[in-house]
Structure formats: C-alpha cells, structure tokens
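# Prediction below, plus the sequence it came from.
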Amino acid sequence: MKTEKRCIFHYPHPVEDKPGIGSALRPNKMRAAFENIGYRVDEVSGFGAQRKRAIARIKRNIRAGVQYDFVYSESVNVPTLLTEEDHIPRYPFLDFSFFGFCRKHSIPVGLFYRDMHWMFPVYREHVSRWKRMITLPLFRYDLRMYRKHVNLLYVASEPVRQIVPHSATKPLPPGGQAQFCAEKQQKQGVLRVFYVGNVMGVYDITDFCKAVSQTDNVYLTICTPKSSWEQMRAHYAPYMSDRICVVHRSSAELAPYYEQADVFCCCLQVSEYTRLAMPIKTFESIGYGVPVMISEGIAAGDLIEKENCGWVVQNTTEAYAALLARLRDDPAEVKEKTTNTVAAAPDHTWESRARQVVEDLLKLNGNEG
C-alpha cells in the first residue's frame, strides 16, 4: 500500500543551495516546492558519477515496488552530454536511458527545457565557430531524446512552446514567493523604482536610466553583479544622476529594496530572443507585491496585462519618462496596481508551479490524484 507521495527530481548538475543567478535559482526552488506541497523527493543531481549512484538507488527502489508519481527534470543551458565539470561526455546515455526506464515502469516524465538561445543569432554572435560545431549537434540531440523519452516538455512561455519541436509542450513560467511587504504609502510626488539583473547586452537599461535622469523626483536603485557594473560603468556614466543608486546584493538580501520600491523595472532591450522571455525577477517582484513596468514585446508582458499588475510600455526613453512622470503624480494608479499584484501573487508561487506539474503528470498516468 502506498503510504506517502513520492517523486523523482532530476537535474544534470549540482543544485546550488544559495543560487546567485536565475538559471540556478529555478531548480533549487522547484525541488523545494515539491517538498512544500507534501512530496518526498528522491533526487538525481550533481555530476555524472553522483547521478549514476542516485539512479542505481532509485532503480532498486522501483524494482522493489516503491511507487513514484512522476519524474520532474530541469535542463541546464548547455547540452546534457557536456554537463560534466570539464565538459567531457563520460556518461552519454545515463540520463536519457533513466527516463526510458521510468517510462517503461509507468512513471511519466516532465522536463523543463531551459533555453532556446542556441537557435538565435545572439548565439552565433557570442560563441566561437568551433564551440558551435560541438554544441549545436548536441543541442539537437537533446531535443531528439526529449521527443523519445519525455512525456511533457515544459517551456517558459507560450511563444517558446510554438517553436519547440515536441508533440506535447506546455508553458511553466518561473514562480515567486508570496512574501508581501508591509502596506506602504507612496510619498506624494515621489516614485521609487527597483531593478535587479545584468546591465549589458539585452539587459542594457541605459534608455531607462536616461528617462529617470530626465524625470524629477524619480529614484532608481539598480542591483547588479559587481563584475558587470565595473565592465559597464563608463557606458552608463553619461546617463547617471544623483537619483540613481547602484548596489551589489544577493537574492537573499533583496527584501529591503522591494519594501522601499513603488514599482519594479523590467525594461530590457527587445529582440527576437527576449520576445520569449519570462524573467524570474518579474515573478519575484509579484511575490513581493510590487507592480511591474515591463518593455513592450517581452513575453512576460502578456501576463502582466492579464493580471493587471503593472504596465507594458514602449521601449523608448520618451515612453519611459512619460510613464514615470504619470506614476509619480498619481499614487492612486500605483496603489491599484499594487493591490492587483498582491491578489495575483498566490497563483504565481513556486508551489503553484509544482502543483501544476503534479496535475499534468498524474493525468498522463491516468491518475487524477
């Protein structure tokens, strides 16, 4: 008799306990989310030798009659065969054969496919030809193996779903944590904005910085890695003012900045690639109850509009400045969006994403729970 709910969490890399970037944050949060909704999680993660031992243990469990509801996997942003520390493919069949084994034992497999960056010109622009000669065939190999061994392929957004060659795909955006700040009152005639992330490439926010500098009584705090800022400091220098502050903090240190912010900025450079984007920090902001200002043309903007928890704005200095001035002078509009954001947050937690996975994969197995 089955006495507890159990699942398998797979990630072909070590799961960081204190992740510093979004791509490392997601597997950490999803693993914890399954535990938080009542699952005992048997984990297959780490480098190849560690995964091999974990897989052997789980196979023994399955053969002994242990029942697992599903396998949930998160991919990394390199091909699966190159996930060893030195990128030598010592275990080329380990992970995909394990998926096949689970499916033969009626355990459905769901996998979140992290990144389609290799399909876009930005990859050719930033990766050398010889590296592309190795990685591109292996990225395509991953997709072939997913079609063969994965029941349901999760992706970040609906636009990604439309380009991934897999018969069963579904959006599974990032989540957040509903940890609302104490109710705050926007200061009359003042607007405080918070930005978290990189500040180069598609994350270049110089247009937004220009708009802030041109708009009286608007204050911007930028939280970005110190290495990125040192590299880009001269680039930003002409667009800075005494109302723009730059800090370098980890994810665990951001709560005071969200508490002070009236609005969160997700104003990125729009490209073919960012049109697919669902930035994790957008959902983190929703979790804190801070409404989001997001550039028109980013996939997450559709959700912001649907939930009415922010503003989708044209990606120009003039449009940013006009919106900032309006929000500075109309605290009621900001308060309305804040109320909507707080109401939407419980539907966009990591636990809500985990529950979606459970519902989807149990249905595939003919078990409604």
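Received the coordinates, thanks.

# mean confidence for the helix or strand harbouring residue 233?
Element membership of residue 233 [criterion: DSSP states H and E] is helix 226-236. Mean pLDDT, helix 226-236: 94.

# What of stretch 245-256?
Rounded mean pLDDT across stretch 245-256 is 90.

# Give me the distance between the two termini of it.
14 Å (Cα to Cα, to the nearest Å).

# what does stretch 95-111 give?
OK, stretch 95-111 end separation, Cα to Cα: 12 Å.

# Which of the residues in it are classified as buried?
Under the neighbour-count criterion of 16 or more other Cβ atoms under 10 Å, stretch 95-111 has 95, 96, 98, 99, 101, 102, 103, 107, 108, 109, 110, 111 buried. For the C-beta atoms, the positions are set from N, CA and C on the backbone; glycine is no exception.

# Over to stretch 73-82?
So stretch 73-82, judged by 16+ other Cβ under 10 Å, has buried residues 73, 74, 75, 76, 78, 79, 80, 81, 82.

# List the contacts of that stretch.
9-13, 23, 26-27, 30, 83, 87, 89, 92, 95-96, 99, 109-115, 117, 134-135, 138-139, 141-142, 145, 150 (Cβ atoms under 8 Å, 6 or more residues apart in numbering).

# Show me the residues you listed that map onto helices.
23, 26-27, 30, 95-96, 99, 134-135, 138-139, 141-142, 145 (DSSP state H).

# Put together CSV for the buried residues of stretch 73-82, with pLDDT and secondary structure on each row.
Converted to CSV, the buried residues of stretch 73-82 look like this (pLDDT from 0 to 100; DSSP: H, G, I helix; E, B strand; the rest coil):
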residue, pLDDT, secondary structure
73, 98, strand
74, 96, strand
75, 95, coil
76, 93, coil
78, 92, coil
79, 94, coil
80, 95, helix
81, 95, helix
82, 95, helix
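
# Quickly list the domain ranges of the chain.
Taking automatic domain parsing as the criterion, the chain consists of the domains 6-175+349-364, 191-347.

# What I need now is those domains written out in CSV, including distance to residue 185 for each item.
What follows is the domains of the chain, written out as CSV (distance: least, Cβ to Cβ, whole Å):
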stretch, distance to residue 185
domain 6-175+349-364, 26
domain 191-347, 8
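
# okay, these, which one's buried deepest?
domain 191-347 (a mean of 19; mean count of other Cβ atoms under 10 Å).

# what about that domain, how long is it end to end?
End residues of domain 191-347 are separated by 27 Å (Cα to Cα).

# go on, stretch 254-265?
14 Å.

# which residues touch that stretch?
179, 181-182, 184, 186, 191-196, 205, 208, 220-221, 223, 247, 249, 281-282, 284-285, 288, 290-293, 310, 327, 334, 338.

# on that earlier part again, can you tell me which of the buried residues of stretch 73-82 lies closest to residue 361?
Proximity of the buried residues of stretch 73-82 to residue 361 (Cβ to Cβ) peaks at residue 73, which lies at 11.3 Å.

# what bridges to that closest one?
residue 10, residue 111 (DSSP bridges).

# start at 811 instead
Okay, using 811 as the starting number, the last item reads as residue 883.

# quick one: it and residue 960, what's the gap?
8 Å (Cβ to Cβ, to the nearest Å).

# which residues do those two both contact?
909, 919, 920, 921.

# Any chance of JSON lines for those, columns distance to residue 862?
Shown next, in JSON lines, are the shared contacts of residue 883 and residue 960 (distance: Cβ to Cβ, whole Å):
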{"residue": "909", "distance to residue 862": "14"}
{"residue": "919", "distance to residue 862": "18"}
{"residue": "920", "distance to residue 862": "22"}
{"residue": "921", "distance to residue 862": "19"}
